[in-house]
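Undergrad: using only what follows, build the 3D model:
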Amino acid sequence: MDVITNWLGHDKWESKESDTTPENVLEVENVSKLYETENNSVLAVNDVSFQIPHGSFVGIMGASGCGKTTLLNLIATIDKPTNGTIRISGQNIVDIPDEATAEFRRRHLGFVFQEYNLLEILTIYENIALALTMKEVSKESIRPTIQNLSEKLDISAILDKFPYEVSGGQRQRCACARAIVGNPDIILADEPTGALDSHAARQLLDTLAMLCREYSATILMVTHDVMAASYCDRILFMKDGEIKAALNRKQENKQTFFADILKKIELIEGESHDVFEVVNP
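TA: Below you'll find the predicted structure:
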């Protein structure tokens, strides 16, 4: 357990409770996705419902093929559900015409991908600025906005470099800056630590937690990594296209929440998991 403690640190729980109940940024109601061919049909997502309040850091966990990436694609307007409703900030995104989905993503969603998805021909600064330019932010506002955010994310020294000139962790923090700089309704993170070593992964997860804490960002992260999941406020566990259970972080530190997540996985899967299988290399 020393490995786990060293990786997770000794954080104390910071309560997000307030006098008012935060509004739900995301509401998923009875969502299903059925893929059909001439000879086969696959129910990838089966009657899933959940809500994410403003300022939350929520994770979806599950093995490969459980439906978590399909669900993320439905929320990202990349695909449409067969049944059900998905609302982001009150808008039913299922009703958005196909030709309007790209504009909706630009205006309302932020993305952090496993493989960064930065434009190699642009500098780090230009990659971040592009998100603001697409939102028609004034040129006078772009530079100070990026400078302030880059200092928070510890990437101000590399703004003039190209993505291929910096480390994977720095590229991923640039992706975080690009995702949050336009003040999206929700940030969708798809296995964001998957291509990082343990040190860079921890830096990235600290960054995501900071965005929630200091920028009131709302984050939905898909992951199969228990270490990454232990940074969240709440975990949804998927199996066979369904949400099988949910786990809320209450007063626990990350180490305790990590252990609680492992116990929940064992109950859902019906088998024991070796802790070292879930530690990033």
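Undergrad: who are the packing partners of the helix ranked longest in the chain?
TA: Secondary structure of the chain per DSSP state H: the longest helix is helix 198-215. If you count contacts as 3 or more C-beta pairs under 8 Å, 6 or more residues apart in numbering; DSSP states H and E, helix 198-215 packs onto strand 57-61, helix 168-181, strand 219-223, helix 226-229. Just so you know, the C-beta spots here come from the backbone N, C-alpha and C atoms, and that holds for glycine as well.
Undergrad: now that helix and strand 219-223, what's the angle there?
TA: With axes from the mean of the first three to the mean of the last three C-alpha atoms, to 10 degrees defining the directions, helix 198-215 sits at 160 degrees from strand 219-223.
Undergrad: quick one on the thing from earlier: in a markdown table: the helices and strands packed on helix 198-215, plus mean pLDDT and distance to L109.
TA: Shown next, in a markdown table, are the helices and strands packed on helix 198-215 (pLDDT from 0 to 100; distance: least, C-beta to C-beta, whole Å):
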| stretch | mean pLDDT | distance to L109 |
| --- | --- | --- |
| strand 57-61 | 96 | 15 |
| helix 168-181 | 91 | 9 |
| strand 219-223 | 95 | 10 |
| helix 226-229 | 92 | 20 |
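Undergrad: mean neighbour count added to these, as CSV?
TA: Formatted as CSV, these follow (neighbours: other C-beta atoms under 10 Å):
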stretch, mean neighbour count
strand 57-61, 25
helix 168-181, 24
strand 219-223, 25
helix 226-229, 24
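Undergrad: how about these, which one is nearest N248?
TA: Closest of the helices and strands packed on helix 198-215 to N248 is strand 57-61, at 9.9 Å (criterion: C-beta to C-beta).
Undergrad: next one: that closest one to chain centre, how far?
TA: Chain-centre distance of strand 57-61: 7 Å, with C-alpha atoms, centre = their mean, to the nearest Å.
Undergrad: one step back: in the longest helix of the chain, which residues are buried?
TA: Neighbour-count burial for helix 198-215 flags A200, A201, R202, Q203, L204, L205, T207, L208, A209, L211, C212 (criterion: 16 or more other C-beta atoms under 10 Å).
Undergrad: ok, stretch 191-199 next?
TA: Of all the residues in stretch 191-199, those buried under the rule 16+ other C-beta under 10 Å are E191, P192, T193, A195, L196.
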